[in-house]
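**Q** Requesting a structural model of the entry that follows:
(one chain, ligands or ions: 3)
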Amino acid sequence: DKDVADLGLRTERGDESVDISHPERVVFPEDGITKGDVAAYYRAVAAHLLPELVNRPLSLIRCPDGAAGTCFFQKHHASKLGDRVGAIPIEEKGGDREDYLYVDGLPAVMQLVQMNTLEFHPWGARIDDPEHPDRIVFDLDPGAGVGWKDIVAAAREIRSRLREAGLESFVRLSGGKGVHVVVPLDRRADWDETKAFCGAFARAMAAQAPERYLAVASKAKRPGRIFIDWLRNGRGATSVTNWSLRARPGAPVAMPIRWDELGRTRSGADYTLARALRRAQTLKADPWEGIATLKQGLPRFGE
Ligand code: ATP
Ligand code: MN
Ligand code: MN
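**A** Ligands and ions are numbered 1, 2, ... in the order given. I've put the predicted structure just below:
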């Protein structure tokens with residue numbers, strides 16, 4: 001596990017050196033949450049946030065006019081983001097190399113918060129080898145009329161099917177409507193191989209229970225069913241990270257939980273900023289304990 005000192009939680013030039021301008025500015029109007037509150041939140045949960053965030057190509061959702069205003073999705077580096085924010089050149093589809101951005105610790109996170117970042121969406125790969133994913137995500141997107149119990153059941157079914165394929169998984173409330181089932185990988189497979197596995201996995205589930213599941217992104221076919229969104233597992237795709245706020249009413253948080261906590265949840269947005277702060281203070285162990293040391297590969301790539 002990474003030493004917290006490596007993450008800038010305790011450094012000479014730590015996050016305290018990052019100035020947050022207009023801390024009084026309201027960011028979540030319905031909740032009375034200010035930019036200063038957002039900065040204080042990220043500082044308070046940093047030890048939980050950073051392990052799944054650092055040293056990965058990262059996209060941002062920035063909301064200069066608050067969560068209720070126009071937000072934009074940013075995937076490229078820009079020097080105005082701050083001098084602690086890293087740049088990593090990555091080849092684009094057309095063949096050109098462009099600078100993506102990454103953070104290596106809390107000071108960079110605070111600079112991004114100063115630049116009105118609300119959400120953090122990393123790749124499932126690290127900057128030392130962006131071509132080989134170390135995380136895959138099955139994103140469960142419920143159609144109209146699907147109940148929370150059905151989403152919980154779907155997540156558990158994915159977990160047990162992954163186990164049959166030799167893969168342990170972890171679960172996160174998205175902060176929105178659904179859940180994400182996350183699988184750590186040993187980085188032996190590339191993106192194409194990984195995406196092919198994820199698509200085949202989702203199609204197999206949908207084929208066995210077509211009344212419950214869908215493996216294609218068709219909104220029209222979704223009512224009453226859960227779309228097993230496997231499309232985040234392609235090169236360049238991102239997912240919201242653990243402990244990230246969402247730019248939605250109520251200031252919900254994408255929250256990693258233990259599998260045995262899932263039955264007690266009531267929605268994908270169970271954790272608000274305030275509840276997440278309390279959880280950060282009282283958590284005794286990392287709900288995703290073990291993810292950093294688990295060595296597992298896709299079935300075809302295992303021994
Ligand atoms: P829910 O549970 O409500 O589905 P979610 O996090 O799974 O929440 P979204 O917030 O809709 O769903 O995220 C959709 C995905 O698309 C995320 O993986 C995000 O990283 C990515 N994304 C969001 N906005 C953009 C954008 N403008 N361009 C490219 N990718 C985006
Ligand atoms: Mn989703
Ligand atoms: Mn989705």
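**Q** Local confidence estimate at the closest residue to ligand 2 within the stretch 201-303 of the chain?
**A** Residue of the stretch 201-303 of the chain nearest ligand 2, by CB to the ion: D229 (5.9 Å). Heads up, the C-betas are built off the backbone N, CA and C, glycines and all. Confidence at D229, expressed as pLDDT, is 98.
**Q** can you count the residues close to it?
**A** Close neighbours of D229, defined as other CB atoms under 10 Å, add up to 21.
**Q** And the pLDDT at the most centrally placed residue in the chain?
**A** Among the residues of the chain, the one closest to the centroid is T241, at 2.2 Å (CA atoms, centre = their mean). For T241, the pLDDT comes out at 98.
**Q** what does D192 give?
**A** 97.
**Q** What of G94?
**A** If you check G94, the pLDDT there is 87.
**Q** what helix or strand is it on?
**A** Assigned by DSSP states H and E, G94 falls within no helix or strand.
**Q** Which residue does the stretch 1-150 of the chain have closest to ligand 1?
**A** F73 (3.3 Å; CB to the nearest ligand atom).
**Q** how far away is that residue from ligand 3?
**A** Distance, F73 to ligand 3, by CB to the ion, to the nearest Å: 14 Å.
**Q** Verify the contact between S59 and H77 for me.
**A** No. Contact criterion CB atoms under 8 Å: S59 and H77 do not qualify, at 11.0 Å.
**Q** Please pull up the helix or strand immediately following the one helix or strand the residue of the stretch 1-150 of the chain closest to ligand 1 maps to.
**A** When elements are assigned from DSSP H and E, F73 belongs to strand 72-74. Using DSSP H and E, the helix or strand that follows strand 72-74 towards the C-terminus is strand 86-91.
**Q** What strands line up against that next one, and which way round?
**A** Sheet pairing of strand 86-91 (DSSP bridges) gives strand 97-102 (antiparallel).
**Q** What's the first helix or strand after the partner strand?
**A** Downstream of strand 97-102, the first helix or strand assigned by DSSP H and E is helix 106-114.
**Q** May I have the secondary structure class of D141?
**A** strand (DSSP: H, G, I helix; E, B strand; the rest coil).
**Q** my read: it touches L231, true?
**A** No. With contact defined as CB under 8 Å, D141 does not reach L231; the gap is 10.4 Å.
**Q** Who has more neighbours out of those two?
**A** Counted by other CB under 10 Å, D141 and L231 do not tie: D141 has more neighbours, with 21 against 17.
**Q** before we move on, the earlier item: then the residue nearest to the centre of the chain would be within a strand, right?
**A** No. Secondary structure of T241 (three-state DSSP): coil, not part of a strand.
**Q** Tell me if I'm right that it and W123 touch.
**A** No. Contact between T241 and W123 fails when scored by CB under 8 Å: they sit 10.2 Å apart.
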